[in-house]
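need the 3D shape of this:
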Amino acid sequence: MSDARVGLVIEDDHDIRELVRTVLTQAGFDVTVASSGAEGVLTAKTLNPDVITLDLGLPDIDGFEVSRQIREFSDAYIVMLTARTEELDTLIGLESGADDYLTKPFRPRELRARIAAMMRRPRSVPDQAEAPGIEASVDAAAHPERGNYSHNGLELSYASRTVTVDGTEMNLTRTEFELLHALLEAGRTVRTKADLVRRLRDEDYDVGGYISEADERSVEVHMGNLRKKLGDSPQKPRWLQTVRGVGYRLAPGEH
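The predicted structure is shown next:
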């Protein structure tokens, strides 16, 4: 059996579909393709892919709805590919559950770099269910900055990739989880939007990569989605405090 990661390409344009298939194959994925939204959703259920590239302009169901349906059962990374450049389309795509987006035409190496950064983030809990306490302690010892966090009724475990609020487990995308972890890790130190873009790209510090306004805007959308799921208030934040014009930081502790 192959140990390769699984990629799914949902794209109706034959040339783009084959281009993306080639990019993912060269990156070490076992790739399956689908040419319609309905076929893509069914294939995602069957394959449980690690990453999905999703065309926005599909012939049957638009990419927004495909993303929403896939998010009901999958935590795969979703990269939306769109020929549209309107900001509203980008925002709707991210709000429907996509982790990232690229505008066509795109450079193959850019798609590969985005996917490589995503795949460096842990996908799920390691196979150590018999001894979760040991797994957590080993992870904390190996990554002292990535352990367990508790703040105002919110509990985050990096080892098990879980978040609970007042005892109720939250269903976060991996992008939302990484952003929340970044803020908990930083405490009351402000993380700029550019910092958070770099975090999602798995860059530990500024390596000179270009960060566009759209990149920073995507962080705003993901943070908005995270707020909604947590039930947090922008006006009276319990966890996520906006520092206007700069970025975000953890809200003060409750006394």
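
where are the low-confidence patches of the stretch 1-150 of the chain?
Across the stretch 1-150 of the chain, residues meeting the criterion (pLDDT under 70) sit at 1-3, 84-93, 121-146.

can you give me the strands for it?
For the stretch 1-150 of the chain, the strands defined by DSSP state E, counting those that start in this stretch cover 5-10, 29-34, 51-55, 77-82, 100-103, 148-151.

hey, which of those strands is tucked in deepest?
Highest mean neighbour count among the strands of the stretch 1-150 of the chain (mean count of other C-beta atoms under 10 Å): strand 51-55, with a mean of 27. Quick note: C-beta positions are derived from backbone N, CA and C, even for glycine.

what strands line up against it, and which way round?
According to DSSP bridges, strand 51-55 has the following sheet partners: strand 5-10 (parallel), strand 77-82 (parallel).

report pLDDT for the most centrally placed residue in the chain.
What sits nearest the mean C-alpha location of the chain, by C-alpha atoms, centre = their mean, is Thr175, with 2.7 Å. With respect to pLDDT, Thr175 scores 87.

what about Trp239, distance to Glu176?
Look at Trp239 and Glu176: by C-beta to C-beta, to the nearest Å, they are 12 Å apart.

repeat for Pro234
Per C-beta to C-beta, Pro234 is found 16 Å from Glu176.

which residue of the two possesses the greater neighbour count?
Neighbour tally, Pro234 and Glu176, criterion other C-beta atoms under 10 Å: the higher count belongs to Glu176, 21 against 11.

I'd like the next helix or strand past whichever helix or strand that one is part of.
Taking DSSP states H and E as the criterion, Glu176 maps to helix 174-186. Next helix or strand after helix 174-186 toward the C-terminus (DSSP H and E): strand 191-192.

list the helices and strands that next one packs on?
strand 247-250 (3 or more C-beta pairs under 8 Å, 6 or more residues apart in numbering; DSSP states H and E).

parallel or antiparallel, which strands does the strand it packs on pair with?
Strand pairing for strand 247-250, using DSSP bridges, gives strand 191-192 (antiparallel), strand 240-243 (antiparallel).

of all these, which one is nearest Ser35?
With respect to Ser35, and counting by C-beta to C-beta, the nearest of the strands paired with strand 247-250 is strand 240-243 at 39.5 Å.

before we move on, back to that, adding distance to Arg191 as columns, could you present the strands of the stretch 1-150 of the chain in CSV?
Compiled in CSV, the strands of the stretch 1-150 of the chain are given as follows (distance: least, C-beta to C-beta, whole Å):
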stretch, distance to Arg191
strand 5-10, 29
strand 29-34, 31
strand 51-55, 25
strand 77-82, 21
strand 100-103, 19
strand 148-151, 14
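
who does Glu155 form a beta bridge with?
Note on Glu155: beta-bridge partners Ser150, Thr164, judged by DSSP bridges.

report how many residues lie close to it.
Counted with other C-beta under 10 Å, the neighbours of Glu155 add up to 16.

and it, how close does it get to Ser96?
Glu155 is 28 Å from Ser96, by C-beta to C-beta.

go on, Leu196?
20 Å.

so which of those two has more stuff around it?
A count of neighbours by other C-beta under 10 Å puts Leu196 above the other of Leu196 and Ser96, at 25 against 21.

quick check: which element contains that one?
Taking DSSP H and E as the definition, Leu196 sits inside helix 193-200.

next helix or strand past that helix?
Following helix 193-200 in sequence, per DSSP H and E, is helix 213-230.

what mean pLDDT does that following helix have?
87.

show me what it is packed against.
Packed on helix 213-230, when contacts are counted by 3+ C-beta pairs under 8 Å, 6+ apart, are helix 87-95, helix 174-186, helix 193-200, strand 240-243.
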